[in-house]
Structures are given as C-alpha cells and as structure tokens.
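*Asks:* fold the stuff below for me.
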Amino acid sequence: MASYLRSYIESVADVPLELQRQFGLMRELDERAYRLQQQVDADMLQQLKLAGQQQQQAVSSPTKRQKAANAAAAAAKEAELAERLEANMNELVKLSDEKLNIATQIYDYIDRHITKLDKDCKAFDAEIAKERQRLGLPPVEPTVGGGSVDTGGGGGKRKRKDGGGEQRKLTPEEQYQQALAMADPSEPKYCHCQRISFGEMIACENPDCPYEWFHFGCVGLTEENRPKGKWYCQLCRKQLKLK
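*Replies:* Okay, the predicted model is just below:
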C-alpha cells in the first residue's frame, strides 16, 4: 500500500501549482475581456451619439457643401468606430474560446488524476485479495455494489439490513444497477462490456490491455474458479500468443 500511496502523492504534488497557474490565466483572460467589453460599450454609445449629430447637422447646415462635408466627416468617424467594434468583438470571441479551452484542460487534468487513483485503488484491492488468498483467508466483501445482501444476524461479515429474510446473492445485473446508481458521471468504463466497476472483478496482467479490468461474469469466472496465478484476458492472450 505504501508504494501506491507514495506514487500517487508524488503524481499529485504539482496539482495545486498547476491549477493556480491555469486559474491565473483564466483571470487574466477575464480582465482583458472586461476591458474590451467596456471599449465596445463606449464605441456603441458613440455610434448612437454620432447618428444623432448627423440628423442635427443635416437640419442646421446652411449650405449643401457644408452638409456634404459634415456627412463625409461623420461617415469616416462611423467607419472607424465600426472597424474597431468588429476587431474588439472578434477579440472577445477569441478570449472566450481560450477560456473554454483552459477550462477543458483543467477538467481533463483532474480527470486523469482521478482515473489514476481509481486504477491504483483497484490494483491495491487486487493485491489484498491475492494476499488473503495466499494466507487462506476469505475474500473481503465489497462495501459498495457488493454481491450479497445478508439480512439475518450473526457472523463477522459486513451486512446490510433489507427488511428481514434469508441471505440472498445479488445477480450481476442487480450489482451493476446498484453500482450505477452511486457512480460518478466520469466513472471509467472497464471490461469488453464497457460498463463501470461492480461486483467481483479481475485485472488483466498485460499493462497494455485496453480494458484493464473484467467483471467475473463477463469472463466466466466465479469465486470457486478464481485464478491463483497471473490472468490474461482472451484478447491479450491472442496478442501475446499465450496458451
């Protein structure tokens, strides 16, 4: 267990600094966007004022030449404002995209660490199961999504009250539905069935296995025929040319 803890602690040591850096970038983007939005609002207000001035000048200008000169000056100013508005609006969209990209990176970064922790915990559980088997101890029943419900009394195993009655073994589908109800939306998928972890599972010894963990029922295993040594899934056995 110490090796798993040490490995995980080392892997997350830089997480606070990385998150601080990423959130710092997002704050800078927010500040830039705020300044740009203020400029956009000011330019839009200036456009409205310019339109009002054009109407006044059109009425008050004494000569056609003066009216034409005023109109030309107003058109030039309006074109300048329109160009600046377009540039600033495009920059706001760009900043929004950058902020979304950083948020996605943060999510993926955290999700990778959660997935690694989940994988390490499962590997640690598998080591415990192997060690208990080597010592001749009964397997530890899972506390979540377990395979049985014991409603009677006595015994040293973990029990859950269910209104009385005899002990009943949960079916694989019941185990899956129980685990699914308590699962996180980002819970990783395992096995060739591509479902979340539930019930008894076994790990493929091939480090490059695309599925990593398998439900006992999906690979035809039970507590009685649990492998005592290394176990490889059918796909990896073919790829590694194992008998």
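*Asks:* quick one: low-confidence parts of the chain?
*Replies:* Judged by pLDDT under 70, the chain has its weakly predicted residues at 1-5, 57-64, 66-67, 70, 139-170, 172-186, 243.
*Asks:* domains for it, by residue range?
*Replies:* According to automatic domain parsing, the chain comprises the domains 14-131, 142-152+163-243.
*Asks:* format these as CSV; extra columns: mean neighbour count and distance to Y8.
*Replies:* Bear in mind the C-beta positions are built from the backbone N, C-alpha and C, glycine included. Below are those laid out as CSV (neighbours: other C-beta atoms under 10 Å; distance: least, C-beta to C-beta, whole Å):
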stretch, mean neighbour count, distance to Y8
domain 14-131, 13, 6
domain 142-152+163-243, 14, 16
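*Asks:* redo the ones you listed as CSV? Include distance to R6.
*Replies:* Formatted as CSV, the domains of the chain follow (distance: least, C-beta to C-beta, whole Å):
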stretch, distance to R6
domain 14-131, 11
domain 142-152+163-243, 19
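*Asks:* to S7, which of those domains lies closest?
*Replies:* domain 14-131 (7.0 Å; C-beta to C-beta).
*Asks:* what's the end-to-end length of that closest one?
*Replies:* One end of domain 14-131 to the other measures 33 Å (C-alpha to C-alpha, to the nearest Å).
*Asks:* do stretch 192-202 as well
*Replies:* Where stretch 192-202 starts and where it finishes are 13 Å apart, if you go by C-alpha to C-alpha.
*Asks:* from the middle of its chain, how far away would it be?
*Replies:* 20 Å (C-alpha atoms, centre = their mean, to the nearest Å).
*Asks:* isn't there a helix covering E187?
*Replies:* No - using DSSP: H, G, I helix; E, B strand; the rest coil, the assignment for E187 is coil, not a helix.
*Asks:* correct me, but it touches S197?
*Replies:* Yes - assessed by C-beta atoms under 8 Å, E187 is found in contact with S197 at 7.5 Å.
*Asks:* which residues in this protein form strands?
*Replies:* 148-149, 168-169, 201-203, 213-215 (DSSP state E).
*Asks:* now for the longest helix along the chain, which elements pack on it?
*Replies:* When the chain is parsed with DSSP state H, its longest helix is helix 64-134. If you count contacts as 3 or more C-beta pairs under 8 Å, 6 or more residues apart in numbering; DSSP states H and E, helix 64-134 packs onto helix 2-12, helix 15-60, strand 201-203.
*Asks:* same for the shortest one, what does it pack against?
*Replies:* What that stands for is strand 201-203. Using 3+ C-beta pairs under 8 Å, 6+ apart, strand 201-203 sits against helix 64-134, strand 213-215.
*Asks:* pull the distance from that strand to the chain's centre.
*Replies:* That offset, for strand 201-203, works out to 24 Å (C-alpha atoms, centre = their mean).
*Asks:* cool, the second one as well?
*Replies:* For helix 15-60, the separation from the chain centroid amounts to 32 Å (computed by C-alpha atoms, centre = their mean).
*Asks:* and it, what does it pack against?
*Replies:* Checked by 3+ C-beta pairs under 8 Å, 6+ apart, helix 15-60 has helix 64-134 packed alongside it.
*Asks:* next, the angle helix 15-60 makes with the helix it packs on.
*Replies:* 160 degrees (axes from the mean of the first three to the mean of the last three C-alpha atoms, to 10 degrees).
*Asks:* burial check on I9, number of neighbours?
*Replies:* Neighbour count for I9, taken as other C-beta atoms under 10 Å: 9.
*Asks:* and the spatially closest residue to L242 that is not a sequence neighbour, what does it touch?
*Replies:* Take L242 and drop its neighbours on the chain: the residue closest to it by C-beta to C-beta, 6 or more residues apart in numbering is Y232, 5.8 Å away. Contact analysis of Y232 by C-beta atoms under 8 Å, 6 or more residues apart in numbering lists 204-206, 209, 240, 242.
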